[in-house]
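Undergrad: For reference, the sequence and a predicted model appear below.
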Number of protein chains: 4
Amino acid sequence: MRKATVHRLPMSHPGDVSALARLIDQGRVRADEIVAVLGKTEGNGGVNDFTRGYLAQSLLLLLSRHLDVDPEQLARRIPCVFSGGTEGVLSPHYLVFCRREGDAAEDRVAAASPASGDRGLAVGTAFSEPLPPEALGRRAQIDSVAAAVRCALVDAGIDDPTDVHFVQVKSPCVTAARASEAASRGKTVRATDSGRSMAYARAAGALGVAIALGEIDRDAVTEDALLSQFELYSSRASISSGVEVDCNEVIVLGNARGWAGPLRVAHRAMNDALDIGAIHGVLGELGVDAAPQVSTTDAERLACVLVKCEPDRCGAVRSHRHTMLDDTDINAQRHIRGAVGGLIAGVLGDPRIFVSGGAEHQGPDGGGLIAVVAAC
Amino acid sequence: MRKATVHRLPMSHPGDVSALARLIDQGRVRADEIVAVLGKTEGNGGVNDFTRGYLAQSLLLLLSRHLDVDPEQLARRIPCVFSGGTEGVLSPHYLVFCRREGDAAEDRVAAASPASGDRGLAVGTAFSEPLPPEALGRRAQIDSVAAAVRCALVDAGIDDPTDVHFVQVKSPCVTAARASEAASRGKTVRATDSGRSMAYARAAGALGVAIALGEIDRDAVTEDALLSQFELYSSRASISSGVEVDCNEVIVLGNARGWAGPLRVAHRAMNDALDIGAIHGVLGELGVDAAPQVSTTDAERLACVLVKCEPDRCGAVRSHRHTMLDDTDINAQRHIRGAVGGLIAGVLGDPRIFVSGGAEHQGPDGGGLIAVVAAC
Amino acid sequence: MRKATVHRLPMSHPGDVSALARLIDQGRVRADEIVAVLGKTEGNGGVNDFTRGYLAQSLLLLLSRHLDVDPEQLARRIPCVFSGGTEGVLSPHYLVFCRREGDAAEDRVAAASPASGDRGLAVGTAFSEPLPPEALGRRAQIDSVAAAVRCALVDAGIDDPTDVHFVQVKSPCVTAARASEAASRGKTVRATDSGRSMAYARAAGALGVAIALGEIDRDAVTEDALLSQFELYSSRASISSGVEVDCNEVIVLGNARGWAGPLRVAHRAMNDALDIGAIHGVLGELGVDAAPQVSTTDAERLACVLVKCEPDRCGAVRSHRHTMLDDTDINAQRHIRGAVGGLIAGVLGDPRIFVSGGAEHQGPDGGGLIAVVAAC
Amino acid sequence: MRKATVHRLPMSHPGDVSALARLIDQGRVRADEIVAVLGKTEGNGGVNDFTRGYLAQSLLLLLSRHLDVDPEQLARRIPCVFSGGTEGVLSPHYLVFCRREGDAAEDRVAAASPASGDRGLAVGTAFSEPLPPEALGRRAQIDSVAAAVRCALVDAGIDDPTDVHFVQVKSPCVTAARASEAASRGKTVRATDSGRSMAYARAAGALGVAIALGEIDRDAVTEDALLSQFELYSSRASISSGVEVDCNEVIVLGNARGWAGPLRVAHRAMNDALDIGAIHGVLGELGVDAAPQVSTTDAERLACVLVKCEPDRCGAVRSHRHTMLDDTDINAQRHIRGAVGGLIAGVLGDPRIFVSGGAEHQGPDGGGLIAVVAAC
């Protein structure tokens, strides 16, 4: 039996990894058990958000010291996906996913636990081959992501894709330099505008996940569907796109046999930014009640909350005009993260929520999705 | 019997008063019945937010045409209080409060309505004498606001202050010009910094309301308590401070005898930005259920939602660090409005919420308050 | 002989037209002499900048009272073009262009003035027919603008297009509603994205001006050239695009026979954001020296300064990386206006400069243009 | 003879120190020669600007690898002062100050250079003892800075304070934690508001420099003068205040005997944000002409440009209203850096300028100062 654990850690600034350092020093986390890190940093979440790179550098340095491996090499082994923007009540934090071979005693406890059934939280990761810039936002990326997700399922020991509840992908994006390099080889990129290019990469990643998880048939997805047929989506995909990677990095969370421990994951699509029912739904599936707020006792059972959301592109929420898309002062993604984060934090009584924008084809258009890991 | 009505109207931009114009043209609103307007405009909510002035000019011009009264005169008769900032899902809208003498037929219907009991929504307004700048944030302003609130209660025919559920005050603020004028008379102002001065004015206004409503004894309030003893607060005061007024303008909402119609108002203090229980509480008092969201049918009963909130000054929400107060890019009040607005909109299923920041002494520190008017 | 005058007026906020009201009350400006207004308001200059509409409403109301003409009618007679964004040292102001038939005495003085030669500042305006949304950013708009510019030249009595030094155009833009209306007629618009659509409209306007002024041959301009062949440009065109108009509004400034008075206009292309040589060039042509700063005496001769600029789309200024285009916190146009405004204000010793962004095909790519009106 | 060199290096993001790494790898810079680093990073320049910490971490790691010294220790030996905010045309860059013992051959060349006279650019650094929070913004900090400046002068071998042209100081600031610690010892801090506390620390630092350089007599400076008597200032002090230091770090630049090489430094006070004369003045002193722009050849002689500036607190520049201080969307310091940076970049034809805001008592109020190092 393997066992996955999640540590939700605070930071006082994006270079502060002292909470993890302490856990390692105390022996509560072993550096070589860490398989992935997700985090919410306090930047603006846009192209010029360097809090993600700062945290990545800080974390990799810490692990490098403990593992005696070069930081660059570690970056190709441990997916680190950070979302900038802690708008409103959101609290900067990072989630350290560890896995270890369970010892016999633990296995017995797990087996005896009536609540845990015969499945536990499973975590798997994978890295695709490097993607050339002309592949982004095209069939080649869709297929690459789908293949990488399948590898991560194998890594997690998940046989049945319906056991997967959350897939985080970080894909490369087109930069001016990469577009030039492609042009020198006679290739064209799907979009040169950096924002548009990242949106295409997220779209392709989302539909790649949907195909790998069997949510959508591969034949139903054309390149033209990207950023256009929004009725095609995955309810379990969370995609980011960034300059710092050259391949698709994948983290899957599921519930699977062969994994011990009390943790379970569940998810729900969110139909729009006001879909409080989805929040109650995912909590209910994990046996957590919110009436109207999760109790302090139950809140302690929650290991992490992962959310994707998007300002409704029609300019209205439930037919009432919103102003997110035309705001020259505050980026639309910052608006929506703050609002959806405020809602979920209110239901949970806890503002430590990983909320990421850019949810194209990740849940219903204008909405998004929520996944929660909890001890059951 | 008098009858108060509330019209919640959309606008496509801050100069768009076509929705009210239409109601007047259709005879559904009579211009001379309008006694107050509250609104949420899509500016930044700060000193350089001119969407409030633009909407005020547009509304007063419209009413001026219908009433044949000069706009400046109207401004001294009809309190117009606008809060800038429709962060996140919040939808720009304005609330037109009307009152009329009920006709006999209506009175009979009202009397016969089993749900309405013998009380109805009561609306009263008042304007204090002009306040010199040296009075702001001092005892003189506290007493002036308290007196104006008492006048507004008389105007509303409310005998018992416990029947009041919401008091909106707009107070003057100190400008450089006004401070100089005071200095020329040998007077000093409480604070010269414009942000600080407005905070003092809001604090004095809030405690003035608290005294008038009997929430706090006048002797318990000293000038030193302002912006310092935050345990002193009103749960029913919503104060703004602005350069456009030279006196305290007051709107009170309560439930009182002598008022017909189905509308009732209720309120709750919010203990912090995650206090979803307060939202359920105020809805429950009005017989509106949220499980977890108000039904479409019930949502139509809601006439308006009025909220005050504040980023917790200790830098944390439920002991988790927030980043609102140290953000150089987005003003803290914009952050908190977006988060609290997202939470309430999620519970209501409706993003038309009047959410205002700057809640010093207006509800518990770090929290605020919520008032709702609904048809019962 | 006709005579054009320019009044550069301060405002304390975007609704403050008291400076013009005073001039009218003092008889120094006659309301019926006003032919155009340009202004720099303190909004963000983006889609959600309502300071422009607020100022327009305030000005038209003032003129409406004096001329006893409906504000909407006036809006179709007097072009009012406002640019939002007074970044850095820039000072909010508006420029009122008047023209009158010179009386005989003035004509004699003008004729006797050795500096004025036989030409004076000429001002002409024109409005095109309404443009359907599918025409925007296409050949039809280019031709419409060119035709309107020719009308404005006739209005100004300018025979030779080389006598023109500045042409301000305000064109419509595509909105979601307008795009739908076009679709219902089986027409498609050039771009649906609002930012892109406005850029196309500016591009078409600029090349329309270039054709009308003989800077570029009509045959050299294809629809594909818009936002692509940036070597095609006008050095005298300043184009804005906005939802508030449905036709092209044109203001031309030139030096022409038949116009009296000391004012003259000159212009220069700016090669990039550091092109201080262009500023010295245009001043030198007007006999104004800057060594390094315009003297107080000479500064009083300057009637207005009109500038277009653009953040270099290659991401560098003189091969040094700039960060304007990737900034999620501050819009790129706000950045460039502040920088170019700071430079010109430093040379002039005066921060009252009309600086507008969005300079596609208006001066060299990455640069822009400057026009100055001065008493000679 | 010692010799100081300055390397002005580009970066593609705040964690990119590859340009310095290359110089070290090529043997053009020896890591042990580096005595100080100044830099302009692309953050917002405010409390939540983490680009400074990211660059510091990246630089110290690089040097740590080459010097085999712990990064924390290096931080106490090499002052690294970064100013966030590359508004407008400003280009992110960092300045690496090195000094070495000149070899005999170099000394002969230096001595023979007719332009260099007998003085060269001198660089000195010093660190004060740690300052308790209650000392900040008070007499104790003033004296501590003055003493540290005197140490840096000794380090630089400068006898005559009039030979100093630029002093950079980084001082600690009061944080909530530090204020509590002080309170626990029965001490109070000068200001608890973080912005105000940093302003006091900068003010005390500036007047400490002024005293050390003999610009102001110690007796003329009282604690009450800080942030109040702005006619007291240093024309050579550039002060920053930040949470990352616990003592005053000092870098002095001067021209002194015993230093070889072609570099010289000069400075000028700037009277306001439009003081282009000061820029010409400082350039002229270094034999650099700007007519109106520095030639490409001369531009190559410029090693670095260091600027302090401030939005005029009276709300106007040369009596024309500016909007920097009341802008809720863009911080005032971002506005002024963009404008002053644009002006200086235009005169120099180069946007690599270290422009820092927060210029209290550093140059005339509403203005600031400029220092330039050039090869003469």
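TA: Perfect, thanks for sending it.
Undergrad: Checking the nearest residue to residue A:136 once chain neighbours are set aside next. Helix, strand or coil?
TA: Sequence neighbours aside, residue A:201 is the residue nearest to residue A:136 in space, at 4.8 Å (criterion: CB to CB, 6 or more residues apart in numbering or on different chains). C-beta: built from backbone N, CA, C; applies to glycine. Under DSSP: H, G, I helix; E, B strand; the rest coil, residue A:201 falls in the helix class.
Undergrad: per-residue confidence for residue A:201?
TA: We have a pLDDT of 96 for residue A:201.
Undergrad: Next, count neighbours for it.
TA: 34 (other CB atoms under 10 Å in any protein chain shown).
Undergrad: element containing the residue in the stretch 151-300 of chain A that chain D sits nearest to, please.
TA: Using CB to the nearest CB, residue A:243 is the residue of the stretch 151-300 of chain A that sits closest to chain D, at 8.9 Å. Taking DSSP states H and E as the definition, residue A:243 sits outside all helices and strands.
Undergrad: Quick check: it touching residue A:177?
TA: No: in this structure, residue A:243 is not within contact of residue A:177 by CB atoms under 8 Å, at 9.5 Å.
Undergrad: So for these two, which sits in the more crowded spot?
TA: Of the pair residue A:243 and residue A:177, residue A:243 is the one with more neighbours under other CB under 10 Å, namely 17 against 11.
Undergrad: for that one, phi and psi?
TA: Backbone torsions for residue A:243, taken as degrees, to the nearest 10, come to phi -70, psi -20.
Undergrad: now swap in the one 3 residues further on and tell me
TA: Recorded main-chain torsions at residue A:246 are phi -120, psi 0, according to degrees, to the nearest 10.
Undergrad: and if you look at residue A:256?
TA: According to degrees, to the nearest 10, residue A:256 has phi -150, psi 160.
Undergrad: Can you tell me the closest non-neighbouring residue to it?
TA: residue A:122 (3.8 Å).
Undergrad: give the contact list for residue A:320.
TA: For residue A:320, the contact set (CB atoms under 8 Å, 6 or more residues apart in numbering or on different chains) comprises B:10, B:91, B:93, B:350, B:351, B:352.
Undergrad: quick check, nearest of those to residue A:16?
TA: Ranked by distance to residue A:16 (CB to CB), these are led by residue B:351 at 35.5 Å.
Undergrad: Quick check, the closest one in contact with residue B:87.
TA: No: counting by CB under 8 Å, residue B:351 stays clear of residue B:87, with 10.7 Å between them.
Undergrad: so when I look at residue A:269, I'm seeing a strand, right?
TA: Yes: counting by three-state DSSP, residue A:269 is located in a strand.
Undergrad: My understanding was that it contacts residue A:365; is that so?
TA: No: the pair residue A:269 / residue A:365 is not scored as a contact, 10.8 Å apart, by CB under 8 Å.
Undergrad: shared neighbours of these two, which are they?
TA: residue A:233.
Undergrad: How is chain A divided into domains?
TA: Taking automatic domain parsing as the reference, chain A has its domains at A:1-113, A:118-261, A:262-376.
Undergrad: residues shared between the contacts of residue B:351 and residue B:87?
TA: Applying CB under 8 Å, 6+ apart, one finds that residue B:351 and residue B:87 are jointly contacted by residue B:341.
Undergrad: more crowded one of those two?
TA: It is residue B:87, of residue B:351 and residue B:87, that has more neighbours when counted by other CB under 10 Å, with 34 against 28.
Undergrad: For the more buried one, give me the pLDDT.
TA: 98.
Undergrad: Tell me who's in contact with it.
TA: Contact analysis of residue B:87 by CB under 8 Å, 6+ apart lists A:330, A:335, A:338, A:339, B:334, B:335, B:337, B:338, B:341.
Undergrad: Where does it sit: helix, strand or coil?
TA: Under three-state DSSP, residue B:87 comes out as coil.
Undergrad: pretty sure residue A:21 contacts residue A:63?
TA: No: the criterion here is CB under 8 Å, and residue A:21 misses it with residue A:63 at 10.0 Å.
Undergrad: what about these two, which has more around it?
TA: Using other CB under 10 Å as the criterion, residue A:21 and residue A:63 rank with residue A:63 on top: 25 against 17.
Undergrad: helix or strand for that one, which one?
TA: helix A:51-67.
Undergrad: Just checking that helix against chain D, any contact.
TA: Yes: counting by CB under 8 Å from any CB of the partner chain, chain D has neighbours in helix A:51-67: A:51, A:53, A:54, A:57, A:58, A:61.
Undergrad: and chain B, which of these reach it?
TA: Okay, of the residues of helix A:51-67 next to chain D, nothing touches chain B (CB under 8 Å from any CB).
Undergrad: By neighbours, which of the residues you listed wins?
TA: Counting by other CB under 10 Å, top hit in those: residue A:51 with 30 neighbours.
Undergrad: List the residues that contact that residue.
TA: A:14, A:41, A:42, A:43, A:82, A:84, D:50.
Undergrad: does residue A:37 count as helix, strand or coil?
TA: Per three-state DSSP, residue A:37 ends up strand.
Undergrad: my guess is it meets residue A:95, correct?
TA: Yes: counting by CB under 8 Å, residue A:95 is a contact partner of residue A:37 at 6.7 Å.
Undergrad: who has more neighbours, those two?
TA: For residue A:37 and residue A:95, the more surrounded residue by other CB under 10 Å is residue A:37, and the numbers stand at 24 against 21.
Undergrad: Identify the spatial nearest neighbour of that one, chain neighbours not counted.
TA: In space, residue A:37 is closest to residue A:80, 4.6 Å off (CB to CB, 6+ apart).
Undergrad: Check residue A:192 too.
TA: According to CB to CB, 6+ apart, the nearest residue to residue A:192 is residue A:179 (5.6 Å).
Undergrad: Next, that neighbour: secondary structure please.
TA: Relying on three-state DSSP, one would call residue A:179 helix.
Undergrad: any idea of the pLDDT on it?
TA: Reported pLDDT for residue A:179: 89.
Undergrad: and the gap between it and chain B?
TA: 29 Å (CB to the nearest CB, to the nearest Å).
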